[in-house]
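S.K.: Just to be clear, the model below is a prediction. Sequence and coordinates:
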Amino acid sequence: NTFAITLLDGLSSREELVLATLNAALGTIPQFGGSAGDDERLANTHVFFDGQFHTRAATVMLVNTPLDFRVFSTHHMEAREEKLVVTHADAKSRTVYELNAEPAAEAYARAVGVAGEELDRKG
């Protein structure tokens, strides 16, 4: 009756590597968690451990309990009819330049039914 809780710095760009490594190490132990954000400013995120905030870091807590539990997954995304395929991206910076062989912002805005200017929530 063990599970792992993972909390990651959302700007580390290492979530996939960390989670794949943990998955390999933990075997059948289920894990869940999330990445720290900063209200979409993409400037400064932290995780809290041992009384301090840390950047470019992750925390993992293993919990063993005599109680029954179930790990489940949920998200805020909705399925759409139109499929978007990444056709040009920079994996290192995690920047998508094209979807379906056209500028990413235009294709995404059309798919979700908004004007391109509405995508920039800072403006």
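M.R.: Cool, got the structure. On a predicted model such as this, the values are computed, not experimentally measured, just so you know.

S.K.: all contacts plus neighbour counts: C-alpha atoms, from now on.
M.R.: Noted.

S.K.: those helices in this structure, which residues are they?
M.R.: Per DSSP state H, the chain carries helices over the ranges 15-26, 104-112.

S.K.: With distance to Ser73 and mean pLDDT added, can I get those helices in TSV?
M.R.: Below are the helices of the chain laid out as TSV (distance: least, Cα to Cα, whole Å; pLDDT from 0 to 100):
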stretch	distance to Ser73	mean pLDDT
helix 15-26	15	88
helix 104-112	23	92
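
S.K.: for the ones you listed, which one ends up most surrounded?
M.R.: helix 104-112 (a mean of 16; mean count of other Cα atoms under 10 Å).

S.K.: Do I have it right that Asn44 meets Ser12?
M.R.: No. If you go by Cα atoms under 8 Å, Asn44 and Ser12 don't touch, sitting 10.0 Å apart.

S.K.: which neighbours do those two share?
M.R.: Thr55 (Cα atoms under 8 Å, 6 or more residues apart in numbering).

S.K.: Which strand residues bridge the spatially most central residue of the chain?
M.R.: Centroid-nearest residue in the chain, with Cα atoms, centre = their mean: Ser35, separated by 5.9 Å. Beta-bridge partners recorded for Ser35 (DSSP bridges): Leu8.

S.K.: pretty sure it is touching Ser13, no?
M.R.: No. Under the criterion of Cα under 8 Å, Ser35 makes no contact with Ser13, lying 10.2 Å away.

S.K.: that older thread, mind putting the helices of the chain in CSV, distance to Leu8 included?
M.R.: CSV is the format used below for the helices of the chain (distance: least, Cα to Cα, whole Å):
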stretch, distance to Leu8
helix 15-26, 7
helix 104-112, 27
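
S.K.: Relative to Leu67, which of those helices is closest?
M.R.: Proximity to Leu67, assessed across the helices of the chain by Cα to Cα, is greatest for helix 15-26 (19.7 Å).

S.K.: residues in contact with that closest one?
M.R.: With Cα under 8 Å, 6+ apart as the criterion, helix 15-26 contacts Leu8, Gln31, Ser35.

S.K.: which one of these is nearest Thr55?
M.R.: Closest to Thr55, out of all of the contacts of helix 15-26 and judged by Cα to Cα, is Leu8, at 9.0 Å.

S.K.: All set, thanks.
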